[in-house]
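Student: no FASTA, just this:
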């Protein structure tokens with residue numbers, strides 16, 4: 001019956017020529033209403049069939065078995081994408097947490113680290129949109145992503161060549177092979193005058209050759225049994241603390257001296273400045289390339305998920321799985337190699353990350369990606385977005401959250417290494433714990449957001465930062481880091497999912513990608529920059545522990561302010577919008593022919 005009516009109406013429209021006559025308008029209105037009713041009836045029939053088959057339960061919607069099947073559903077078209085995401089984020093997890101400690105190991109100060117960390121997000125802010133526009137213009141996301149991955153590996157390798165360390169002196173080995181005999185002497189003085197040098201003596205290396213068992217007295221332990229052969233380092237002014245008196249004659253051979261060379265201070269300072277600028281420029285190129293890889297990977301993931309009817313959350317799951325599993329292993333590797341070399345060496349960490357990125361580039365080459373070209377300009381869309389009141393308020397508080405994110409990202413590991421002496425493997429394990437607690441949320445994010453609300457998740461993210469800050473300010477045991485990092489999923493996984501949900505709800509038609517890009521730039525780039533800048537100033541003035549307390553109070557304040565803003569302002573705006581939408585919907589439901 002419906003098909004015959006539709007064919008009749010279609011013939012009426014064709015015969016009228018679609019010239020705007022009354023017959024054409026009436027036929028189009030009737031055809032539209034009949035099609036909508038037919039779709040609704042078909043939808044109800046599908047629901048009834050699903051209820052009879054037991055696929056859908058009337059009590060709780062989707063049955064438990066079906067939910068598990070949907071969760072574990074395997075899409076063969078997205079396997080390579082999942083592997084590429086795992087490797088890419090695994091490489092990020094291998095390198096990113098150790099950036100700050102690596103900068104400190106090559107001789108950069110806290111102020112210089114703060115300067116670099118402040119400027120780099122602006123590089124990402126500029127390069128990410130440029131990479132996106134190039135990808136859209138070419139319509140080839142793969143080529144842009146592969147090129148940026150290779151460029152990132154090359155620039156990251158150049159980072160290892162930067163060195164800004166200033167030596168505090170120079171070594172002079174086998175200095176005249178001078179022998180000293182200590183026999184019942186309470187103190188010995190060795191200065192640079194002994195070797196006819198103009199530089200102050202910093203330290204000396206000594207060897208006690210084999211002899212009969214020696215019994216020497218030290219101030220701390222009174223009696224010390226010195227082995228037959230011993231080698232060590234004596235710092236200036238500490239000679240009398242190492243060996244103060246020996247019962248039997250002891251010969252000490254000075255095999256090396258460490259002298260301060262004041263004449264080369266200007267040369268060392270120039271070398272330090274040169275190392276700083278080399279690192280800054282190379283790191284800037286690396287940051288630009290890596291920011292482009294994130295942008296390109298997001299575009300590829302969204303395009304393939306849309307094409308193959310996939311689930312974005314499941315792809316994100318593999319990204320976070322890579323982010324959570326690789327870091328502790330590279331930390332253990334760095335500790336092991338450091339124990340062999342006698343100092344902390346971070347080159348192995350970069351090697352692992354670069355290998356992951358190159359393999360990911362090979363997998364991306366095998367992907368079949370079809371890209372659609374966007375419509376409209378970025379500036380025009382951005383101007384349209386800012387006319388919606390909720391969006392500027394949302395972006396302002398995302399900037400505040402990003403400031404906390406940037407502070408933690410730049411200074412937490414420095415605090416853990418310098419103040420608490422945390423080993424590398426524990427640093428990596430803390431990243432794993434923070435990511436693992438967010439993985440279940442990625443599978444059920446829609447339901448959790450629907451239950452608690454977007455605003456609640458954002459407020460909880462602020463308050464979770466406050467709890468972590470207070471915990472770190474009081475921490476003395478490095479293993480407590482794992483407990484506090486369990487809260488990271490509230491301010492990372494849950495926050496990111498809630499923010500993306502906000503963008504999908506509030507973005508005007510056709511502007512979802514634009515709003516999402518603006519949110520990511522505000523939170524992860526501008527916020528990270530402001531966090532590095534503010535954190536560097538506060539740490540230099542108050543110290544790290546006091547800075548944690550200051551930021552804890554600020555996080556509590558901003559979280560409460562956002563909650564009050566939602567209650568007093570945003571909900572009123574939302575209620576007015578809903579009222580207007582209802583009025584518009586009622587007008588659209590008014591039948592073309594009324595009984596009146």
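Tutor: Arrived safely. Everything quoted here is computed from the prediction, not taken from an experiment. Numbers count the residues shown, from 1 in each chain.

Student: how about stretch 359-369: buried residues?
Tutor: 359-361, 363-364, 367, 369 (16 or more other CB atoms under 10 Å). Backbone N, C-alpha and C define where each C-beta goes, glycine included.

Student: nope, stretch 429-442 is what I was after
Tutor: Across stretch 429-442, burial judged by 16+ other CB under 10 Å covers 429-439, 441-442.

Student: next step: these restricted to helices.
Tutor: Among the buried residues of stretch 429-442, the members falling in helices are 429-436, 439, 441-442 (criterion: DSSP state H).

Student: tell me the helices and strands packed up against the helix or strand that residue 455 is a member of.
Tutor: Assessed by DSSP states H and E, residue 455 sits inside helix 454-474. Contact here means 3 or more CB pairs under 8 Å, 6 or more residues apart in numbering; DSSP states H and E; on that basis helix 454-474 packs against helix 390-418, helix 480-485, helix 488-491, helix 493-506, helix 544-565.

Student: want to throw the ones you listed into CSV with mean pLDDT?
Tutor: As requested, the helices and strands packed on helix 454-474 are exported to CSV (pLDDT from 0 to 100):
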stretch, mean pLDDT
helix 390-418, 89
helix 480-485, 86
helix 488-491, 84
helix 493-506, 79
helix 544-565, 93
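
Student: turn these into TSV, including mean neighbour count and distance to residue 310.
Tutor: TSV is the format used below for these (neighbours: other CB atoms under 10 Å; distance: least, CB to CB, whole Å):
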stretch	mean neighbour count	distance to residue 310
helix 390-418	21	27
helix 480-485	18	30
helix 488-491	22	23
helix 493-506	20	16
helix 544-565	18	33
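
Student: among those, which comes closest to residue 335?
Tutor: In terms of CB to CB, the element of those nearest to residue 335 is helix 390-418, at 12.0 Å.

Student: any idea how many residues pack against residue 314?
Tutor: Other residues near residue 314 come to 18 when the count uses other CB atoms under 10 Å.

Student: pull out the buried residues from the helix holding residue 455.
Tutor: 454-455, 457-466, 468-473.

Student: was I right to think residue 82 contacts residue 310?
Tutor: No - Residue 82 lies out of contact with residue 310 (CB atoms under 8 Å); the separation is 9.7 Å.

Student: about what we covered before: reformat the helices and strands packed on helix 454-474 as JSON lines; add distance to residue 144.
Tutor: What follows is the helices and strands packed on helix 454-474, written out as JSON lines (distance: least, CB to CB, whole Å):
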{"stretch": "helix 390-418", "distance to residue 144": "26"}
{"stretch": "helix 480-485", "distance to residue 144": "34"}
{"stretch": "helix 488-491", "distance to residue 144": "31"}
{"stretch": "helix 493-506", "distance to residue 144": "23"}
{"stretch": "helix 544-565", "distance to residue 144": "36"}
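
Student: out of the ones you listed, flag the one nearest residue 96.
Tutor: Closest to residue 96 of those is helix 390-418 (CB to CB; 8.0 Å).

Student: what pLDDT does the residue lying closest to residue 478 once chain neighbours are set aside get?
Tutor: Take residue 478 and drop its neighbours on the chain: the residue closest to it by CB to CB, 6 or more residues apart in numbering is residue 422, 4.0 Å away. Here the pLDDT value assigned to residue 422 is 82.

Student: state the mean pLDDT of stretch 79-97.
Tutor: Rounded mean pLDDT across stretch 79-97 is 89.

Student: quick one: buried residues of that stretch?
Tutor: Of all the residues in stretch 79-97, those buried under the rule 16+ other CB under 10 Å are 80-97.

Student: and those residues, which of them are in helices?
Tutor: Of the positions in the buried residues of stretch 79-97, 80-95 sit in helices, assigned by DSSP H.

Student: and of those residues, the nearest to residue 478?
Tutor: For these, the nearest to residue 478 is residue 93 (19.5 Å; CB to CB).

Student: any idea how far that closest one lies from residue 411?
Tutor: 19 Å (CB to CB, to the nearest Å).

Student: repeat that for residue 389.
Tutor: 35 Å.

Student: residue contacts, the residue nearest to residue 454 when sequence neighbours are not counted?
Tutor: Nearest residue to residue 454, sequence neighbours excluded (CB to CB, 6+ apart): residue 498, at 4.7 Å. By CB atoms under 8 Å, 6 or more residues apart in numbering, residue 498 lies in contact with 449, 454, 457-458.

Student: strands of this protein, start to end?
Tutor: With strands called from DSSP state E, the chain shows them at 56-57, 61-62, 170-173, 179-182, 201-208, 214-217, 224-226, 230-235, 245-246, 250-259.

Student: by mean pLDDT, show me the worst of these.
Tutor: Of all the strands of the chain, strand 224-226 carries the lowest average pLDDT, namely a mean of 36.

Student: which one of the buried residues of stretch 429-442 is nearest residue 317?
Tutor: Nearest member of the buried residues of stretch 429-442 to residue 317, counting by CB to CB, is residue 442, at 4.8 Å.

Student: thought the closest one was touching residue 493?
Tutor: Yes - under the criterion of CB under 8 Å, residue 442 makes contact with residue 493 at 6.4 Å.

Student: make CSV out of the buried residues of stretch 359-369 and add pLDDT.
Tutor: As requested, the buried residues of stretch 359-369 are exported to CSV (pLDDT from 0 to 100):
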residue, pLDDT
359, 94
360, 93
361, 93
363, 93
364, 91
367, 86
369, 77
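
Student: for those, name the two members farthest from one another.
Tutor: 359 and 369 (18.1 Å).

Student: distance of the residue nearest to residue 454 from residue 469?
Tutor: Residue 498 is 21 Å from residue 469, by CB to CB.

Student: likewise for residue 306?
Tutor: 40 Å.

Student: name the single longest helix found in this protein.
Tutor: Under DSSP H, the chain gives helix 265-307 as its longest helix.

Student: can you get me a residue count around residue 270?
Tutor: By other CB under 10 Å, neighbour count at residue 270 equals 10.

Student: ah, wrong one, I meant residue 332
Tutor: 16.

Student: that one and residue 424 touch, don't they?
Tutor: Yes - contact criterion CB under 8 Å: residue 332 and residue 424 qualify, at 7.4 Å.

Student: about what we covered before: can you name the two of the ones in helices among the buried residues of stretch 79-97 that sit furthest apart?
Tutor: 80 and 95 (23.0 Å).

Student: contacting residues around residue 92?
Tutor: Residue 92 makes contact with 290, 322-323, 353 under the criterion CB under 8 Å, 6+ apart.

Student: from those residues, which two are the most distant?
Tutor: 290 and 322 (14.8 Å).

Student: which residues touch residue 439?
Tutor: Contacts were defined as CB under 8 Å, 6+ apart; by that measure residue 439 touches 317, 320-321, 324, 493.

Student: make it 10 Å
Tutor: 316-318, 320-321, 323-324, 489, 493 (CB atoms under 10 Å, 6 or more residues apart in numbering).

Student: from residue 84, how far off is the residue nearest to residue 296 when sequence neighbours are not counted?
Tutor: Sequence neighbours aside, residue 145 is the residue nearest to residue 296 in space, at 3.8 Å (criterion: CB to CB, 6+ apart). Residue 145 sits 9 Å away from residue 84, taking CB to CB as the criterion.
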